[in-house]
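In: next one to model:
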Amino acid sequence: MERDRDIIQPEIENIEMILKKHIPKLRLKRLANNVLEGRVVKGEIALKNDGLAIKVGDIQKESGLKLRVYDPDDGELAEIGDFSKGSPELETVHPKNFLTHMQNYKKLLDDLNTGQFYDRIRKILDTQEKLADSIVQLKEVQGKQEQIQASGFQQPDERINSSMDLVDNLAKQFFSALTQMRDYVVAATGGPR
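Out: Residues are numbered from 1 along each chain as shown. Below you'll find the model as predicted:
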């Protein structure tokens, strides 16, 4: 076992040296059985002479403002425009997601160059327009429902009022008829009123 470790040890150290050469901020920790655990504490990928970086560089020279994009999930600095060493560079510098951010940026560039970005924007705008139309239609339907409900409540009220008026008229006619009958009986019999 110890002999195997002696044979593997130089290879492990060589791998460790290569990794540290390419990723200087890589921290390696030796675990049991010469297993290495690595964790990137800082990384960056730069696109030299990037079109966006060049435009941002021109703006930065005029305004003094710097391009800094922050990760929406954790608020860490994600991308920067760097003009410190010659050619303008767009760098992804997020400690954990610098690879993903660069892939997303390259996909955005590809989408812009192929027109897919604009197709997506058109689809989003079409969807928003359809959604707005649907909201207008929904509001119209809600308005009609409210009218139906209001008229539905109004109709029973009108029916009740009409019925009460009918009962009132019948009562007036009944009492008027009673009064006329009494007057007729009194007149016919000559009795008191």
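In: which residues of the protein score low on pLDDT?
Out: The model of the chain has pLDDT under 70 over residues 1-6, 8-9, 22-45, 84-85, 152-157, 190-193.
In: domain ranges for it?
Out: Per automatic domain parsing, the structural domains of the chain span 1-41, 42-114.
In: show me where the protein has strands.
Out: 26-30, 36-40, 45-48, 68-70, 77-82, 89-92 (DSSP state E).
In: by contact count, what packs against the longest one?
Out: Looking back up the chat, that one is strand 77-82. helix 51-63, strand 68-70, strand 89-92, helix 98-114 (3 or more C-beta pairs under 8 Å, 6 or more residues apart in numbering; DSSP states H and E). Where you see a C-beta, it was placed from the backbone N, CA and C, and this is true even at glycine.
In: name the strands paired with it and say parallel or antiparallel.
Out: Strand pairing for strand 77-82, using DSSP bridges, gives strand 68-70 (antiparallel), strand 89-92 (antiparallel).
In: could you redo these as CSV and give each row mean neighbour count?
Out: Shown next, in CSV, are these (neighbours: other C-beta atoms under 10 Å):
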stretch, mean neighbour count
strand 68-70, 13
strand 89-92, 23
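In: ignoring the adjacent residues along the chain, who's closest to residue 116?
Out: Leaving out its chain neighbours, the residue that sits closest to residue 116 by C-beta to C-beta, 6 or more residues apart in numbering is residue 110, at 7.6 Å.
In: what's around residue 111, how many residues?
Out: 15 (other C-beta atoms under 10 Å).
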